[in-house]
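Asker: Take a look and give me a structure for this.
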Amino acid sequence: MFFDKLFNAFNSSSIKHTAPMRHAVTGVSGHMRFFDTALQKLSSIRSKYNNILPCVDGWIQNINALRLLWSECQLQFLFTARLNQDCIENKFSQVRGKGAHRDNPNPQNLLVDALEAQ
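Answerer: Next up is the predicted model:
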């Protein structure tokens, strides 16, 4: 149930949702309290060698980044599902398409291809 809520919290795409933590982050949504609890729980997960697991460290970094984004931007609400790199990947796909899918473009080729992809 904990990881369901964690995934839901990072996958919100509507103002209201019936699934726990699947609704948008707001000032009163309870996400920040959940993230505080999640950080404590995740920090206690260790490997048999007492190391923090890379996937757990990734979750901790994402939670901290989201909390910082929320506090700095002072938004009314935030759909966390939109926080991804899809738009960057799409742009690079367009640039690669203009450059005949070169495997090793030099900086000049990349610049020309990027300008043509606009």
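
Asker: show me where this protein has strands.
Answerer: 25-26, 77-78 (DSSP state E).

Asker: Now mean pLDDT, mean neighbour count and distance to residue 63 too, for the ones you listed, in CSV please.
Answerer: C-beta coordinates here come from the backbone N, C-alpha and C atoms, glycine included. Below are these laid out as CSV (pLDDT from 0 to 100; neighbours: other C-beta atoms under 10 Å; distance: least, C-beta to C-beta, whole Å):
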stretch, mean pLDDT, mean neighbour count, distance to residue 63
strand 25-26, 94, 20, 12
strand 77-78, 94, 16, 14
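
Asker: which one of those lies closest to residue 40?
Answerer: Of all the strands of the chain, strand 25-26 sits nearest to residue 40, with 19.1 Å by C-beta to C-beta.

Asker: Show me what the closest one is packed up against.
Answerer: strand 77-78 (3 or more C-beta pairs under 8 Å, 6 or more residues apart in numbering; DSSP states H and E).

Asker: repeat that with 10 Å
Answerer: helix 31-43, helix 54-73, strand 77-78 (3 or more C-beta pairs under 10 Å, 6 or more residues apart in numbering; DSSP states H and E).

Asker: Any idea which of the ones you listed gets closest to residue 2?
Answerer: Here helix 31-43 is closest among the helices and strands packed on strand 25-26 (C-beta to C-beta), at 6.5 Å.

Asker: Same list, the helices and strands packed on strand 25-26, but as a markdown table with distance to residue 16 please.
Answerer: Output for these, formatted as a markdown table (distance: least, C-beta to C-beta, whole Å):
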| stretch | distance to residue 16 |
| --- | --- |
| helix 31-43 | 14 |
| helix 54-73 | 19 |
| strand 77-78 | 11 |
